[in-house]
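Enquirer: fold the following and give me the result.
(one chain, ligands or ions: 1)
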Amino acid sequence: MSQQPGQLTFVAPRRAKPARHLADLSMADRRAAVTELGEKAFRADQLSRHYFERLTTDVAAMTDLPAASRDKLAQLLPSLLTPVKELTTDGGTTRKTLWKLFDGALVESVLMRYPDRVTMCVSSQAGCGMNCPFCATGQAGLTRNMSTAEIVEQVVAGARALAAGEVPGGPGRVSNVVFMGMGEPLANYKQVIGAVRRLVDPAPHGLGISARGVTVSTVGLVPAIGKLAEEGLPVTLALSLHAPDDELRDTLVPINTRWKVSEVLDAAWAYAAKTKRRVSIEYALIKDINDQEWRADLLGKLVRNKLVHVNLIPLNPTPGSKWTASRPEDERAFVRRLEFHGVPVTVRDTRGREIDGACGQLAAADV
Ligand code: SAH
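Expert: Presented below is the predicted three-dimensional model:
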């Protein structure tokens, strides 16, 4: 469903829900679910070890479970994601997977291996209702929210590929997860928090990824940022700002018509104060739109002396958009102005452009 310019969709269309999966449940709920199936509660711990530590869902291979229990317990490990297409670049160290969900909805995830880390970029919704005009996902509108397990499964799939040595560089582990794929994570709050807990809970409760390695990126849903600060999960907050002034941000990030630059920055500073985590400000540099030196100055004044890091992203091309990345000299001038204000700034290495796997390019077209 495509959206009118500026239109926002907060409530996902009601749809049939994906099957319940072990990864949807807290340990206590897993024990209850296993008991409901007529099994001993400790089977939940065994099943969790298989799934979160050994990354397996094949009950036939779970030799510590009685043969008679395996089929029953398999009900907690339904297959949720079917790979439709895989594209790789950077010698195989960047890989984008298109997944089909049980109802035919399509989402994408991207694995990026660097010398010192592996980052999984995951989707949290099929489509997105936030309608940012420079983002391919935003153009398609919102299909539905993803379940906690559908989100976790993207990371488990990446972890499995790494453990099996399928990604060049030898066997490895997922060290970082960024909620920067399709969707607005804070518009699917409950399921996303569940997924974050499964990611950071120590094995066998979860995957045992450091909370510091998890980044939740948002257009700026102010009340949800406040709620996230209270979760006691020290994840990194990334704020997609893209303009320092309301006039421009109203058009680039339509949620700004609801919560203004000053309000969303206040929420970000409160998040930093509460969690002691540096907030990341995301700013896609768009030629002649938001890349003027005076805007760099304005941004510098707004964020200087805060617990912040500015991440500049050269705009990635998307179908139907007239916009393009800034000229190199304008990008350099923008960086210099921010540095002049003493603001830590980096230009993001945008991986995966060749496979439409870079920021803002995930559109999940089944072609
Ligand atoms: N909805 C969340 C999560 C998506 S993250 C959010 O907007 O933060 C994707 C990041 O890529 C966001 O910072 C987004 O603004 C940015 N982005 C979107 N389209 C882009 C494009 N064409 N080029 C570069 N960055 C883009």
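Enquirer: helix, strand, or coil at the residue of the stretch 251-367 of the chain found nearest the ligand?
Expert: Nearest residue of the stretch 251-367 of the chain to the ligand, counting by CB to the nearest ligand atom: Gly360, 1.9 Å away. All C-beta spots, glycine's among them, are computed from the backbone N, C-alpha and C. Here Gly360 is recorded as coil under DSSP: H, G, I helix; E, B strand; the rest coil.
Enquirer: the helix or strand of the chain with the lowest mean pLDDT: how far from the chain's middle?
Expert: Lowest on mean pLDDT, DSSP states H and E among the helices and strands of the chain sits helix 136-140, with a mean of 86. Relative to the chain's own centre, helix 136-140 is displaced by 15 Å; criterion: CA atoms, centre = their mean, to the nearest Å.
Enquirer: is it anywhere near the ligand?
Expert: No. Using CB under 6 Å from any ligand atom, helix 136-140 stays clear of the ligand, coming no nearer than 6.8 Å.
Enquirer: got it, and stretch 147-164?
Expert: No. Judged by CB under 6 Å from any ligand atom, stretch 147-164 and the ligand are separated, with a smallest distance of 12.7 Å.
Enquirer: that stretch: which residues count as buried?
Expert: Buried residues in stretch 147-164, counted by 16 or more other CB atoms under 10 Å: 147-162.
Enquirer: cool, and stretch 63-81?
Expert: Residues Leu65, Ser69, Lys72, Leu73, Ala74, Leu76, Leu77, Leu80, Leu81 are the ones in stretch 63-81 that count as buried (16+ other CB under 10 Å).
Enquirer: neighbours around the residue of the stretch 251-367 of the chain closest to the ligand, how many?
Expert: Burial of Gly360 is recorded as 22 neighbouring residues (other CB atoms under 10 Å).
Enquirer: contact partners for the nearest residue to it once chain neighbours are set aside?
Expert: Nearest in space to Gly360, with sequence neighbours left out and distances taken as CB to CB, 6 or more residues apart in numbering, is Cys135 at 4.2 Å. Residues counted as contacts of Cys135 (CB atoms under 8 Å, 6 or more residues apart in numbering) are Cys128, Thr318, Gly360.
Enquirer: what's the helix or strand for the second one?
Expert: Thr318 belongs to no helix or strand when elements are defined using DSSP states H and E.
Enquirer: and the residue in the stretch 1-150 of the chain positioned nearest to the ligand, how far from Gly213?
Expert: The minimum distance from the stretch 1-150 of the chain to the ligand, using CB to the nearest ligand atom, falls at Cys135 (3.4 Å). For Cys135, the distance to Gly213 (CB to CB, to the nearest Å) stands at 24 Å.
Enquirer: cool, and His205?
Expert: As judged by CB to CB, His205 and Gly213 stand 17 Å apart.
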